[in-house]
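**Q** My questions are about this predicted structure, shown below with the sequence.
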Amino acid sequence: MIPDLPLEELARRYNNGAAVPDWADTLLPRWQRESERVRTDAAGAREVAYGSLPRNRFDVFTPKGTAPAHGWPTLVFIHGGYWQRLSKDDWSVIATPFVANGMAAVILGYTLCPQTAIRGIASEIESAVAHLWTHASDLAVNRDRLALAGHSAGGHLTAWCLTTDWSSHGLPATPFVSATAISGVFDLEPLVPIYLNDPLKLTNDEALAMSPAYRERRVTCDFTAAVGGAELEEFLRQNQLLGKLWKNVTEWEIPGLNHFTIIDELTRDDSALFKRVTAGLRT
């Protein structure tokens with residue numbers, strides 16, 4: 001559904017960079033510095049190929065030392081950037097508190113638009129998860145203790161993964177113990193008439209087809225849709241929409257956080273978001 005708003009107003013409600021203009025000069029450089037450190041310091045595997053394209057890679061970050069008998073409980077993280085910006089290397093920082101608390105983190109990379117379409121990205125994410133699950137023992141990952149999370153476009157892709165028929169990939173119907181979509185976009189139709197669609201090239205029909213809110217949920221793990229209370233109006237509405245259309249959703253609005261400070265919460269082990277994401281990994 002496209003809200004009945006002037007196009008300039010609709011575009012404003014999706015322009016996170018304009019709403020939080022200092023994030024690229026404050027948060028992003030810190031994340032990138034910490035990402036470089038953890039890529040050097042943590043154990044695990046880097047640049048694991050799950051497909052033939054250059055960005056079909058993921059990084060596995062684990063604690064040093066001997067892994068548990070069945071591997072480390074693991075977060076699988078999908079980064080944001082409106083399907084057209086950033087890379088997995090900007091988000092290695094997410095692994096820091098997980099590794100420090102005896103867990104692993106896998107940061108997925110994927111091809112960006114316009115080199116591919118959102119449908120192509122979703123297919124790549126499915127391939128990455130299937131590859132990780134299949135090769136879990138080689139990577140010291142416990143495939144029975146996988147939590148999925150993603151931010152912004154990654155929130156969309158996290159929800160998409162809950163509509164996937166994983167049996168077609170040779171996986172259990174529910175391969176995750178939990179999933180958390182953070183600041184996600186679950187109805188893509190409002191993007192069609194605004195500037196964001198220039199590289200995405202969505203038609204109305206394709207936008208609806210790629211909208212998790214209107215797809216059947218197949219995966220039955222615990223699912224949280226989280227959004228910051230200080231986010232733009234459309235992100236609040238998107239979160240509420242998924243809570244309305246899907247069953248068994250924990251719809252969570254975290255007071256005072258914007259589109260970027262909310263994901264910063266996942267870089268610390270003393271935050272409520274970290275505790276929520278890791279709850280299924282600690283049991």
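**A** Now that the structure is in, tell me what you want to look at. Numbering: from 1, shown residues only.

**Q** Show me where the stretch 101-250 of the chain has its strands.
**A** 104-108, 141-151, 178-182, 222-228, 250-254 (DSSP state E, counting those that start in this stretch).

**Q** now for the third one, which elements pack on it?
**A** If contacts are counted by 3 or more CB pairs under 8 Å, 6 or more residues apart in numbering; DSSP states H and E, strand 178-182 sits against strand 141-151, helix 153-161, strand 222-228, helix 272-278. Where you see a C-beta, it was placed from the backbone N, CA and C, and this is true even at glycine.

**Q** between the strands of the stretch 101-250 of the chain, which gets nearest to I263?
**A** Nearest to I263 among those is strand 141-151 (4.6 Å), distances taken as CB to CB.

**Q** distance between the closest one and the chain's centre?
**A** 11 Å (CA atoms, centre = their mean, to the nearest Å).

**Q** Same check on stretch 101-114?
**A** 8 Å.

**Q** contacting residues for the residue nearest to N56 when sequence neighbours are not counted?
**A** Counting by CB to CB, 6 or more residues apart in numbering, Y50 is the residue found nearest to N56 once chain neighbours are left out, at 5.4 Å. Under the criterion of CB atoms under 8 Å, 6 or more residues apart in numbering, the neighbours of Y50 are N56, R57, F58, E124, S127, A128, A130, H131, L132.

**Q** Which members of these define the maximum pairwise distance?
**A** The widest separation within the contacts of Y50 (CB to CB) is 14.8 Å, between R57 and A130.

**Q** Now find how far off-centre the longest helix along the chain is within its chain.
**A** Counting residues, the longest helix found in the chain (DSSP state H) is helix 118-134. Taking CA atoms, centre = their mean, the mean C-alpha location of helix 118-134 is offset from the chain mean by 12 Å.

**Q** Check which helices and strands that helix sits against.
**A** Against helix 118-134 (3+ CB pairs under 8 Å, 6+ apart) you get strand 72-78, strand 104-108, strand 141-151, helix 153-161, helix 204-209.

**Q** From the contact counts, what lies against the fourth one?
**A** Translated: helix 153-161. With 3+ CB pairs under 8 Å, 6+ apart as the test, helix 153-161 has strand 72-78, helix 118-134, strand 141-151, strand 178-182 packed against it.

**Q** Need the ones you listed in a markdown table (columns: distance to R30, mean pLDDT and mean neighbour count).
**A** Below are these laid out as a markdown table (distance: least, CB to CB, whole Å; pLDDT from 0 to 100; neighbours: other CB atoms under 10 Å):
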| stretch | distance to R30 | mean pLDDT | mean neighbour count |
| --- | --- | --- | --- |
| strand 72-78 | 17 | 98 | 27 |
| helix 118-134 | 26 | 98 | 20 |
| strand 141-151 | 16 | 98 | 24 |
| strand 178-182 | 18 | 98 | 27 |
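
**Q** Make JSON lines out of the ones you listed and add distance to V20.
**A** Shown next, in JSON lines, are the helices and strands packed on helix 153-161 (distance: least, CB to CB, whole Å):
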{"stretch": "strand 72-78", "distance to V20": "21"}
{"stretch": "helix 118-134", "distance to V20": "24"}
{"stretch": "strand 141-151", "distance to V20": "14"}
{"stretch": "strand 178-182", "distance to V20": "15"}
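
**Q** These: which one's closest to A18?
**A** strand 141-151 (18.3 Å).
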